[in-house]
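K.L.:
fold the following and give me the result.
(2 chains)
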Protein chains: 2
Amino acid sequence: MISLLIKNAWLLTMKGKNAGFVENGAVAIDGDQILDVGTTKELESRWNARKTIDATGKAVLPGLIDAHIHTGMGLYRGVAQDMNNWLQKGVGPFFNNITGEEAAAGSMLNILEGIKAGTTTFCDYDYPMTLIVENHHRIGVRARLASTVNELPSDLHRIKVGEVYPLDESSGRNKLKEATRLMDEWHGKGNGRITCILGPQGADMMSRNLLLEMKDMAENYDTKLHMHVAQGDRETGQMMKRFGMRTIEYLDSIGYLDERLMAVHLTDAEENEVKLLAEKGASMIHCPGSIGLIDGIVPPVMAFMDAGGNAAIGSDQAPGNNCSNMFNEMKSAAVFNKIKAADPTVMPAEKVLRMATIEAAKAIGLEKEVGSLEAGKKADLIIINMKEPGLSPVILESVNNIIPNLVYAARGHEVETSIINGDIVMENRQVKTVNEEEVVNQAQSAAEALSGRIKKQQ
Amino acid sequence: MISLLIKNAWLLTMKGKNAGFVENGAVAIDGDQILDVGTTKELESRWNARKTIDATGKAVLPGLIDAHIHTGMGLYRGVAQDMNNWLQKGVGPFFNNITGEEAAAGSMLNILEGIKAGTTTFCDYDYPMTLIVENHHRIGVRARLASTVNELPSDLHRIKVGEVYPLDESSGRNKLKEATRLMDEWHGKGNGRITCILGPQGADMMSRNLLLEMKDMAENYDTKLHMHVAQGDRETGQMMKRFGMRTIEYLDSIGYLDERLMAVHLTDAEENEVKLLAEKGASMIHCPGSIGLIDGIVPPVMAFMDAGGNAAIGSDQAPGNNCSNMFNEMKSAAVFNKIKAADPTVMPAEKVLRMATIEAAKAIGLEKEVGSLEAGKKADLIIINMKEPGLSPVILESVNNIIPNLVYAARGHEVETSIINGDIVMENRQVKTVNEEEVVNQAQSAAEALSGRIKKQQ
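P.N.:
Numbers count the residues shown, from 1 in each chain, chains lettered A, B, ... in the order given. Next up, the predicted model:
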């Protein structure tokens, strides 16, 4: 007797080179694992389950992977839009005043938002991660966590736009200690749901020595380096002034470009630079919504993928993108790149769906666990109601409109049920592991306290 | 005793030059009219109501206006993505095979989708509108309808890409008769909710004579002309071959550019051309999602508005944009134009919110009735739950994040209640005027019949 059988679904397994569509599909799950994937007829003949979900009229696919998110910025939603110098002027006052507890309250809200829009794996890249990790553990998602490390001083907001940041070695040591503690205390927790990787915050925010030390650590832990790379002209300016080199040239010169690197943004990277990254085996995390809104830029993800690179997508953070919703990211990745190329055929729906599932799993180093529905992988999957007015009708003959509709029409609330590591974390839109109203209210109280303190300084 | 008092809301009246924010706002409604708008304290002292809605934690704003939509294409959602020659290759097989009844079933689905995402006014531009109008009447929305007129022959799909379309005068006469019938039988119906305007389908699709005849009709009826203008290189090619002029030059030469014209798309218009349109007082309907996805183009709406033009936004149709959701259009209008200008400060949130409300009302000629919450206007408004995880927290001190969050974070399902012409059409996400499941199922059956017939031809 297995624990769960999902049947009668339109299945997108994401196995193989395309989306792995199965018209009347089923998934057999026992414990935290997928045991079998096939047609309903096949699986009903093979398995008896304690619980069965009839997914008639529903699509079932691997849970979505948000490959770059700062959940600790959840409280700042909507405080920094439509402006230049987003970081210093918009986010700065909030960032400089927030407490760890307030960041954690915003983080929980942000994770809840993501679950309700189909995200099951969160590559959270933030500080203080040793607090935030408790949210991921408690609410029951899969988390791939990096505690960010930099040598920025605490009074960074006093530095004028354009001035080279002073670096503070002791600040870097403390953050590295936190990152080590996170790794030692949390890696593998939650029945393997929580894994920890390393997160240097950017080549412009730390010394060469610290960056190299983290590379050594990554080799020792045999893990990934999640890192902002060439995230904008601000970074490029800092790099030129401090090191006399652009970011990617610098990273190459110190041996940083390899398959351990998850290079995030590449906003200010040139085509030859992303080609080099792809050739060296680094992955790219593309955050279209955030960079579009903050900078009005579409990063060179097409050039990276054309050079054979493996790219994932991420929602980044609440004050830039304003939402943590992988349906927003998938549509944005597709349409922004069509606009950039002035060509509607580039970045088709199936490609971006892969970037949020199986390609993302490869990019973050979890391809053995998640990203597709295959026997032996962890049971992370979502069930989407295709009978919602905005997702109907489903057409299978002459053309199949399920994938275009998931990418271009779905808004996120059509995700009904979310299964992570074999557990039903959300069922019929209700997250079962937390009190949703309490999460929202705690974030609201924290935001009011924080904005009240900022108001007094104005 | 008035019929309805809404109180304790974060009110965005859209009155004046900005968003008209009222922190603890109320709206008094009697019958189909707004009687009073102000603070809760003021209105509670003035009015007794038979029904009161406590909008604590909610935003209340004018119902959104979808200024250009072809609801009759609702069944084709997702059938024509990621391709060139969208119209001929993608939409063609569906368009050429659909029956009027099937189009009407798709239309009802499309209207339902729109209501559930906050649209209260639909500028539907389609054929057969004399069937589709019954949906708008029955479901209870405000509709500004044009029955499209063209002289295209019924076997258009046999014409090769690039060839000049033959025009068929009798086809045009029949469609004009339909448009006249719509106007005569439906204008003013539904207690004034249904109004009819004229809809020439494009300067490339009809003779100069027919276009001029419709201009005369518009003068006689004293109404607007809703019309595709410069909708792409396909149209420009036809215009050059048939008339030796680009569309806007041609329309100017026959006296078409004035305040009656609602010029839709302007995809292939140049900056000097849209400047001329703005100067002549024509309005522009910008459909960012649709044109971005179909063509990879951002039309010159910024140049039009910079020249003083009045612009609205529209969702266009299901097989292009893939959704009929004004939250998608608002975010797309903002972000696509930031990308086009490589400048995050252009097209700020408040501006696009106005383009979906008060500026839209002006563009379509309903500014006396709708678009803002003001005493004397019709009671069209929506109530949005700001406690949804994806819209929280609400910050009022130091900055106000309500408008950026409505534009950049809202997905549409946060709209809880929709009041149109004083009637509660949707309450707590349930549309009260139709059986939602039945609408979805009828559209599904119609789509299966249609795609089955197409399959047989393949």
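
K.L.:
from here on, contacts and neighbour counts on C-alpha atoms
P.N.:
OK.

K.L.:
so how far is the helix or strand of chain A with the lowest mean pLDDT from its chain's centroid?
P.N.:
When each helix and strand of chain A is scored by mean pLDDT, DSSP states H and E, helix A:92-97 comes last, with a mean of 92. In terms of C-alpha atoms, centre = their mean, to the nearest Å, the centre of helix A:92-97 is found 23 Å from the chain centre.

K.L.:
over to stretch A:31-43?
P.N.:
On C-alpha atoms, centre = their mean, the centre of stretch A:31-43 falls 27 Å from the chain's centre.

K.L.:
next one: stretch A:422-437
P.N.:
On C-alpha atoms, centre = their mean, the centre of stretch A:422-437 falls 20 Å from that of its chain.

K.L.:
now stretch A:111-118: average pLDDT?
P.N.:
Taken as a whole, stretch A:111-118 has a mean pLDDT of 98.

K.L.:
sketch out the low-pLDDT regions of chain A for me.
P.N.:
A:157 (pLDDT under 70).

K.L.:
can you name every helix or strand that the longest helix along it contacts?
P.N.:
Criterion DSSP state H: the longest helix present in chain A is helix A:436-457. Secondary-structure packing of helix A:436-457 (3 or more C-alpha pairs under 8 Å, 6 or more residues apart in numbering or on different chains; DSSP states H and E): helix A:92-97, helix A:100-115.

K.L.:
hmm, try it at 6 Å
P.N.:
Helix A:436-457 makes packing contacts with helix A:100-115 when contacts are defined by 3 or more C-alpha pairs under 6 Å, 6 or more residues apart in numbering or on different chains; DSSP states H and E.

K.L.:
touching chain B at all, the helix or strand just after the helix it packs on?
P.N.:
Toward the C-terminus, helix A:100-115 is succeeded by strand A:119-126 as the next helix or strand (DSSP states H and E). No: counting by C-alpha under 6 Å from any C-alpha of the partner chain, chain B is not contacted by strand A:119-126; separation bottoms out at 13.2 Å.

K.L.:
show me how far strand A:119-126 is from its chain's centre.
P.N.:
On C-alpha atoms, centre = their mean, the centre of strand A:119-126 falls 5 Å from the chain's centre.

K.L.:
what's it packed up against?
P.N.:
strand A:64-69, strand A:142-149.

K.L.:
out of these, which comes closest to residue A:337?
P.N.:
For the helices and strands packed on strand A:119-126, the distance to residue A:337 is smallest for strand A:64-69, at 18.7 Å, taking C-alpha to C-alpha.

K.L.:
let me know the angle separating that closest one from strand A:119-126.
P.N.:
10 degrees (axes from the mean of the first three to the mean of the last three C-alpha atoms, to 10 degrees).

K.L.:
just to revisit the earlier point, which parts of the least confident helix or strand of chain A are buried?
P.N.:
If you call a residue buried by 16 or more other C-alpha atoms under 10 Å in any protein chain shown, then helix A:92-97 has these buried ones: A:93, A:94, A:95.

K.L.:
what residues does the stretch 101-250 of chain A put near chain B?
P.N.:
residue A:113.

K.L.:
now do the strands in the stretch 101-250 of chain A.
P.N.:
Remark: strands assigned in the stretch 101-250 of chain A by DSSP state E, counting those that start in this stretch are A:119-126, A:142-149, A:194-196, A:199-200, A:225-229.

K.L.:
next up, phi/psi of residue A:27, please.
P.N.:
phi -130, psi 130 (degrees, to the nearest 10).

K.L.:
which SSE is the nearest residue to it once chain neighbours are set aside in?
P.N.:
Closest residue in space to residue A:27, ignoring its immediate chain neighbours: residue A:37 at 4.7 Å, by C-alpha to C-alpha, 6 or more residues apart in numbering or on different chains. Applying DSSP H and E as the criterion places residue A:37 in strand A:33-39.

K.L.:
name the surrounding residues that touch that strand.
P.N.:
Defining contact as C-alpha atoms under 6 Å, 6 or more residues apart in numbering or on different chains, one finds that strand A:33-39 is touched by A:24, A:25, A:26, A:27, A:28, A:29, A:375, A:376, A:377, A:378, A:379.

K.L.:
of the residues you listed, which belong to strands?
P.N.:
A:24, A:25, A:26, A:27, A:28, A:29 (DSSP state E).

K.L.:
nearest to residue B:252, of the contacts of strand A:33-39?
P.N.:
residue A:24 (56.5 Å).

K.L.:
my read is that that closest one contacts residue A:9, right?
P.N.:
Yes: using C-alpha atoms under 6 Å, residue A:24 is in contact with residue A:9, at 5.4 Å.

K.L.:
so the two - more neighbours on which side?
P.N.:
More neighbours surround residue A:9 than the other of residue A:24 and residue A:9, with 25 against 16 (other C-alpha atoms under 10 Å in any protein chain shown).

K.L.:
got phi/psi on that one?
P.N.:
Torsion angles, degrees, to the nearest 10, at residue A:9: phi -100, psi 160.

K.L.:
any idea what it is bridged to?
P.N.:
residue A:25 (DSSP bridges).

K.L.:
how close does residue A:142 get to residue A:63?
P.N.:
10 Å (C-alpha to C-alpha, to the nearest Å).

K.L.:
shared neighbours, those two?
P.N.:
residue A:120.

K.L.:
settle it for me: which of these two has more neighbours?
P.N.:
residue A:63 (28 against 25).

K.L.:
need the contact list for the more buried one.
P.N.:
A:119, A:120, A:380, A:381, A:382.

K.L.:
what's around residue A:374, how many residues?
P.N.:
23.

K.L.:
still on that earlier bit, need the contact partners of the least confident helix or strand of chain A.
P.N.:
So helix A:92-97 is in contact with no residue, going by C-alpha under 6 Å, 6+ apart.

K.L.:
apply 10 Å and report the result again.
P.N.:
A:72-73, A:75-76, A:79-80, A:85-88, A:103, A:154-157, A:447, A:450-451, A:453-455, A:457-458, B:398 (C-alpha atoms under 10 Å, 6 or more residues apart in numbering or on different chains).

K.L.:
quick one on the thing from earlier: give me the contact list for the longest helix of chain A.
P.N.:
By C-alpha under 10 Å, 6+ apart, helix A:436-457 touches A:74-77, A:93-99, A:101-110, A:112-113, A:430, B:387-400.

K.L.:
so what's whichever residue of the stretch 1-150 of chain A sits closest to chain B up against?
P.N.:
When scored by C-alpha to the nearest C-alpha, the stretch 1-150 of chain A has residue A:82 as its residue closest to chain B, at 4.4 Å. Residues near residue A:82 by C-alpha under 10 Å, 6+ apart: A:90, A:293-296, A:320, B:334-335, B:338, B:343-350, B:404.

K.L.:
with adjacent residues omitted, what lies nearest to residue A:6?
P.N.:
residue A:53 (4.7 Å).

K.L.:
typo on my end, it should be residue A:175
P.N.:
Residue A:175 sits nearest to residue A:149 (C-alpha to C-alpha, 6+ apart), 5.2 Å away.

K.L.:
and that neighbour, how many neighbours?
P.N.:
29.

K.L.:
what do you get for residue A:106?
P.N.:
30.

K.L.:
cool, and the one 4 residues further on?
P.N.:
Residue crowding around residue A:110 was assessed by other C-alpha under 10 Å; the count is 30.
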